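Novice: Please work out how this folds:
(2 chains)
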Number of protein chains: 2
Amino acid sequence: MAAVKYELIKTCGQTGARLGRVHTPHGSFDTPAFMPVGTQATVKGMSPAELKDVEAQIILSNTYHLYMRPGSDIVREAGGLHGFMGWDRPILTDSGGFQVFSLGGMRSIKEEGVTFKSHIDGSSHFISPERAIEIQNDLGADIIMAFDECIPYPCDYNYAKNSLERTSRWAKRCRDVHSDTERQSLFGIVQGGTFKDLRVQSANELLELDFPGYAIGGLSVGEPAAEMYDMLDVTVPLLPGDKPRYLMGVGSPDYLIEGSIRGIDMFDCVLPTRIGRNGTVMTGAGRIIIRDAKYARDYSPMDPECDCYACKNFTRSYIRHLIKAGEVLGIRLTTWHNLRFLLNLMKNVREAISEDRLGDFRNKFFSAFGYK
Amino acid sequence: MAAVKYELIKTCGQTGARLGRVHTPHGSFDTPAFMPVGTQATVKGMSPAELKDVEAQIILSNTYHLYMRPGSDIVREAGGLHGFMGWDRPILTDSGGFQVFSLGGMRSIKEEGVTFKSHIDGSSHFISPERAIEIQNDLGADIIMAFDECIPYPCDYNYAKNSLERTSRWAKRCRDVHSDTERQSLFGIVQGGTFKDLRVQSANELLELDFPGYAIGGLSVGEPAAEMYDMLDVTVPLLPGDKPRYLMGVGSPDYLIEGSIRGIDMFDCVLPTRIGRNGTVMTGAGRIIIRDAKYARDYSPMDPECDCYACKNFTRSYIRHLIKAGEVLGIRLTTWHNLRFLLNLMKNVREAISEDRLGDFRNKFFSAFGYK
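Specialist: Numbers count the residues shown, from 1 in each chain, chains lettered A, B, ... in the order given. Predicted coordinates for the structure are as follows:
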């Protein structure tokens, strides 16, 4: 039996969004789902117990970073990522492709794989599709990703076409070398830049490889929102209805809702943790910059409607003080709240789907949050 | 009725150490007690809930820092430190003297008070004994401290004598201006450097002012341990048996035990949090540097005998990885453990006193920890 199985519960009568559940060897998670990012085997600032407190059901970790430090052999010896970081719920690892290609001049791409230099010590490394799977086998996540080539935005047609075709060839090599499909499910990644026909070509090539789940990569990299939605509109309908669909690197509230409406089941992004560390907080009424002087004597919670530990126990005044004073507790509390905010948003999205009113929910949320 | 009252429960038959309880408007704490330091209205890295988890019964915060940022008016408006930081157990604030005198060339001392420049923005400030009390009244801690002059070590006799006499005059001015003694208890601070007769003079001058508690300041500033113990041996017997005795700035395990043996009831120090942030961890078998390569594949807890969240859930290998990767969770876990270690040590000290075996406990602990 495949490690990961998608169960469709209901389709929203108003939008077509899917309410579902993904079953994995480490339990199930409800979809549409947002996955907090734990790049270095820790969601920055949060303990595993706190991740459960904000109701994270699955987290993502980054293969490239863990390969570099502490090394995938150490993670394997510790019982995989679950044992190493003390997280007993589902985990997804990316393939490392995105990070390797982000290194720019520090890497060279060949058909066999990619040679690159470590961002830590400059040492030389080589990652091929086979090696990316081997590392992810060591890490032991429930869902692992094919090694894909990530292209910049904007990107010319021929580059995007050559790249997606290589990504398809690499996806086959990944599939062929991943053996224990009952322990870990390997997802393919649709590429093709912002060209509709290339997205179709990529999806069709990957469908032939019959992956247990499909991701859409290379979006939310700087293109206008409308262009991203166009790509989803052309890609998602091609994907099989009985398998999960994962939109990579997306985590702003508007994209989460619009993605759900377009049939996406899974999302991940560093946004809630990253902006939290900069002192930006999401509330039902939009973003606030907690460092601003106007909050110095604001003795109300960050988000009066939130039920998280930070909002139930501390004021904007106190959290502003902590952030300005460089205190760790400050970024812990903003991170805690931002994660709770997005995970609660997804809960509301799921509830709206089950009641056939995700379109109404979208309009109300957008208006309150300040989106047009 | 005085805000703070000391209850003597028992004296150790083997050492003379005191088992007691201090009652305050925010509840009681058991003595000998270690007080974690929350300089900027937060014990670095820890939430109030976690401080309760490690069984902190009282914490200390720093007047100088809070005066500078966010300002004592904001703390007062938030309901005092208890309301501002969400801590409902006892709090002690220092007077700011130690920090002001640590500024070195940035301050000038006169009989009226001290003029100094902010470490944050270089702005000029003046703190007198009266102002130090006014600020501490705003902060609202259960125990507040007289504004004292802190001298360097080593220091010549005449300087130390003049300084302690000024500290006595300042102590009287503090006492005279502190009015709400039912809400906050003001402690005097014995100074006198490392000169026995000056310690006696200082204690006697302060006793005349009849404070509800006494601190011993200016120790653990670089002098040999034997010299500190000498000062305690000459000072403590002069202090009244029905009031708490607080040894300021002391927090290494040996000093905590030796101080308890000499009749000290309260201690504070940044040591457990500061060394934790540097990756140093206290265990029953001594200190370990968690960054060391030898822990890369050590899948045992930081301290196998510890019951804290960090030791029950994570390995040395994982925590080493977090610290080396600069992850906040790493310093959270080392801090968490170090605080638990010291607070548990004090619990063991209290238990040993109640069973008249603190001398035996000292010898066993010293031997296991690696002290001579």
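
Novice: Please identify the residues of the stretch 51-200 of chain A in proximity to chain B?
Specialist: A:His65, A:Arg69, A:Pro70, A:Ile74, A:Glu77, A:Ala78, A:Phe84, A:Met85, A:Gly86 (Cβ under 8 Å from any Cβ of the partner chain). The way it works is simple: take the backbone N, C-alpha and C, and place the C-beta from them, glycine included.

Novice: Flag every residue of the stretch 201-350 of chain A that's near chain B.
Specialist: So the stretch 201-350 of chain A meets chain B at A:296-297, A:299, A:309, A:313-315, A:317-318, A:320-322, A:324-325, A:327-329, A:331-332 (Cβ under 8 Å from any Cβ).

Novice: Pull out the buried members of the residues of the stretch 51-200 of chain A next to chain B.
Specialist: A:His65, A:Arg69, A:Pro70, A:Ile74, A:Ala78, A:Phe84, A:Met85, A:Gly86 (16 or more other Cβ atoms under 10 Å in any protein chain shown).

Novice: can you list the residues that contact the helix or strand hosting A:Arg320?
Specialist: In the assignment (DSSP states H and E), A:Arg320 maps to helix A:316-324. For helix A:316-324, the surrounding residues in contact (Cβ atoms under 8 Å, 6 or more residues apart in numbering or on different chains) are A:279, A:288, A:290-292, A:295-302, A:310, A:329-331, A:333-334, B:40-42, B:69-70, B:74, B:78, B:84-86.

Novice: pull the CA atoms of it into CSV?
Specialist: Presented in CSV, the C-alpha positions along helix A:316-324 are these (Å, rounded to 0.1, in the frame of the first residue of the first chain):
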residue,chain,number,x,y,z
ARG,A,316,0.9,44.7,21.9
SER,A,317,2.8,47.0,24.3
TYR,A,318,4.7,44.2,25.9
ILE,A,319,5.5,42.4,22.6
ARG,A,320,6.6,45.6,21.0
HIS,A,321,9.0,46.1,24.0
LEU,A,322,10.4,42.6,23.6
ILE,A,323,11.0,43.0,19.8
LYS,A,324,12.6,46.4,20.3
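
Novice: Ignoring the adjacent residues along the chain, who's closest to the residue in the stretch 51-200 of chain A that chain B sits nearest to?
Specialist: Proximity of the stretch 51-200 of chain A to chain B (Cβ to the nearest Cβ) peaks at A:Pro70, 4.4 Å away. Sequence neighbours aside, B:His321 is the residue nearest to A:Pro70 in space, at 4.4 Å (criterion: Cβ to Cβ, 6 or more residues apart in numbering or on different chains).

Novice: sorry, back to before: return the members of the contacts of helix A:316-324 classed as buried.
Specialist: Applying 16+ other Cβ under 10 Å to those flags A:279, A:288, A:290, A:295, A:297-299, A:301-302, A:310, A:329-331, A:333-334, B:40-42, B:69-70, B:74, B:78, B:84-86 as buried.

Novice: Give me the subset of those that lies in helices.
Specialist: A:Ala310, A:Leu329, A:Gly330, A:Ile331, A:Leu333, A:Thr334, B:Ile74, B:Phe84, B:Met85 (DSSP state H).

Novice: Report the central residue of chain A.
Specialist: Nearest to the geometric centre of chain A sits A:Asp268, at 1.6 Å (Cα atoms, centre = their mean).

Novice: Would you agree it falls within a strand?
Specialist: Yes: under DSSP: H, G, I helix; E, B strand; the rest coil, A:Asp268 sits within a strand.

Novice: Relative to chain B, how far out is it?
Specialist: 18 Å (Cβ to the nearest Cβ, to the nearest Å).

Novice: show me what contacts that residue?
Specialist: A:Phe34, A:Met35, A:Pro36, A:Val37, A:Leu60, A:Leu92, A:Tyr246, A:Met248, A:Gly249, A:Val250, A:Gly251.

Novice: for A:Phe116, helix, strand, or coil?
Specialist: strand.

Novice: Once you drop chain neighbours, what's closest to it?
Specialist: A:Arg107 (3.4 Å).

Novice: which outside residues touch the helix or strand of chain A with the lowest mean pLDDT?
Specialist: Lowest on mean pLDDT, DSSP states H and E among the helices and strands of chain A sits helix A:97-102, with a mean of 85. Outside helix A:97-102, the residues that touch it by Cβ under 8 Å, 6+ apart are A:62-65, A:107, A:109, A:114, A:116, A:127, A:132, A:145, A:147-151, A:189, A:217, A:248-249.

Novice: In strands, which of the residues you listed appear?
Specialist: A:Arg107, A:Ile109, A:Val114, A:Phe116, A:Ile127, A:Met145, A:Ile189 (DSSP state E).

Novice: can you put those in CSV and add distance to A:Gly16 and neighbour count?
Specialist: As requested, the ones in strands among the contacts of helix A:97-102 are exported to CSV (distance: Cβ to Cβ, whole Å; neighbours: other Cβ atoms under 10 Å in any protein chain shown):
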residue, distance to A:Gly16, neighbour count
A:Arg107, 40, 17
A:Ile109, 38, 14
A:Val114, 38, 22
A:Phe116, 41, 24
A:Ile127, 38, 23
A:Met145, 26, 30
A:Ile189, 23, 30
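
Novice: pLDDT-wise, what's the bottom of the residues you listed?
Specialist: Here the lowest pLDDT out of those sits on A:Arg107, with 86.

Novice: pretty sure that residue is touching A:His119, no?
Specialist: No: taking contacts as Cβ atoms under 8 Å, A:Arg107 lies outside contact range of A:His119: 10.7 Å.

Novice: got a list of what the residue of the stretch 51-200 of chain A closest to chain B touches?
Specialist: B:Ala296, B:Ser317, B:Arg320, B:His321, B:Lys324.

Novice: Show the buried residues in those.
Specialist: Using 16+ other Cβ under 10 Å, the buried ones in the contacts of A:Pro70 are B:Ser317, B:Arg320, B:His321, B:Lys324.

Novice: buried subset of the contacts of A:Asp268?
Specialist: Among the contacts of A:Asp268, the ones that count as buried (16+ other Cβ under 10 Å) are A:Phe34, A:Met35, A:Pro36, A:Val37, A:Leu60, A:Leu92, A:Tyr246, A:Met248, A:Gly249, A:Val250, A:Gly251.

Novice: Which single one of those residues is nearest to B:Arg18?
Specialist: Within the buried ones among the contacts of A:Asp268, the smallest distance to B:Arg18 is 49.1 Å, found for A:Pro36 (Cβ to Cβ).

Novice: What sits closest to the closest one if chain neighbours are left out?
Specialist: A:Val43 (4.7 Å).

Novice: give me the number of residues near the one you found?
Specialist: The local packing of A:Val43 (other Cβ atoms under 10 Å in any protein chain shown) involves 29 other residues.

Novice: ok, now A:Glu355?
Specialist: A:Glu355 has 15 nearby residues by other Cβ under 10 Å.

Novice: Equivalent analysis for the one 4 residues further on, please.
Specialist: As a burial measure, the neighbour count of A:Gly359 was computed by other Cβ under 10 Å and equals 17.
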